[in-house]
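Peer 1: could you look at this predicted model? Sequence included:
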Amino acid sequence: MRRRTGRTRGTATPRAAATRAVSAAAALAVAGALLLTACGGGSDTGSHGGSRKDSSAAGKGADPAGRSGGHAAAPVATRTLPGVGARLSAQVPAGARQAIVVYGASPTTSKSSVAFFTRAADGWHRGPSWPSHNAIHGWTVDHHEGDLKSPVGVFTLHDAGGLLADPGSKLPYTRSTAFTPSPSWPASYQHDFDYVIAIDYNRVVGTSPSDPTRPQGESKGGSIWIHLDHGVGTSACVTVSKDAMRYLLRTVDPAAHPVIVMGDTAHLAAS
């Protein structure tokens, strides 16, 4: 298992890279300021790295797969991921044996739920699930910097990190002060990046989540992560509880070729 520490490569310092993930709520609170978010945002003006927020209360979100909130899986296996239609199912690699599915409650809200699945010979088996949040303005199939929407799609998962020590991550984990939230953020946001898992959207696989490099260009956004929830929506990231993050870090295994399938329930179910 690899471990990474210190600076990551790129065009910005670790602190500047982390600044890209500023919460939408924090950014919107700064009158006249540009919305600079790592969680789907662009260059940064002193805000921090990786995320989001809106004003909705933490909700359970629609979840066709079953219950949310950490309940154990039903024993029944399914050939395809529950609630995921033909279009996205076709994008799940044949070799993927773990999947995180994010079920957005609607195309325009930040409420969602996250469920974990493993694939065996008889199909996909559901594991635990949790309430979550996605972007403040919902979902999009064409994500761009600053749109305050989470991208719909199937993405691989390769890298993790955070401000805290590695809790036993199976993914390569970078502990770095690059994940320190801005002191100007509300107190409830100060633990957002204790743990993060990078979603492989417009990033260089094999680097720290705080690496600012965006192969498709700045306009396509980037630095979209799974990270700790603080009760409201995000700029583009997906958030879950600290216990859920620990579970995912200790369970998501690169040997299982893990993916995240994410979107509102209508987009997820599209044929």
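Peer 2: Done, it's in.
Peer 1: Leu171 and Val252 touch, don't they?
Peer 2: Yes - the pair Leu171 / Val252 is scored as a contact, 5.9 Å apart, by Cβ atoms under 8 Å. No exception for glycine: its C-beta is placed from N, CA and C like everyone else's.
Peer 1: overlap in contacts of those two?
Peer 2: Leu157, Ile197 (Cβ atoms under 8 Å, 6 or more residues apart in numbering).
Peer 1: the strands in the stretch 101-250 of the chain, which residues?
Peer 2: 111-120, 123-133, 139-140, 150-151, 153-156, 160-162, 173-175, 196-198, 225-228, 238-240 (DSSP state E, counting those that start in this stretch).
Peer 1: indicate which one of these is closest to Ala86.
Peer 2: Proximity to Ala86, assessed across the strands of the stretch 101-250 of the chain by Cβ to Cβ, is greatest for strand 153-156 (12.6 Å).
Peer 1: just how off-centre is stretch 244-260 within its chain?
Peer 2: Relative to its parent chain, stretch 244-260 has a centroid offset of 12 Å by Cα atoms, centre = their mean, to the nearest Å.
Peer 1: what's the first helix or strand after the helix or strand of the chain with the lowest mean pLDDT?
Peer 2: The helix or strand of the chain with the poorest confidence is helix 24-29; it has a mean of 38 (mean pLDDT, DSSP states H and E). Next helix or strand after helix 24-29 toward the C-terminus (DSSP states H and E): helix 86-89.
Peer 1: so what does the lengthiest helix in the chain touch, helix or strand wise?
Peer 2: The longest helix of the chain (DSSP state H) is helix 242-251. The contact analysis (3 or more Cβ pairs under 8 Å, 6 or more residues apart in numbering; DSSP states H and E) places helix 242-251 against strand 111-120, strand 123-133, strand 196-198, strand 225-228.
Peer 1: what's the distance between Ala86 and Thr80?
Peer 2: Distance of Ala86 to Thr80, given as Cβ to Cβ, to the nearest Å: 8 Å.
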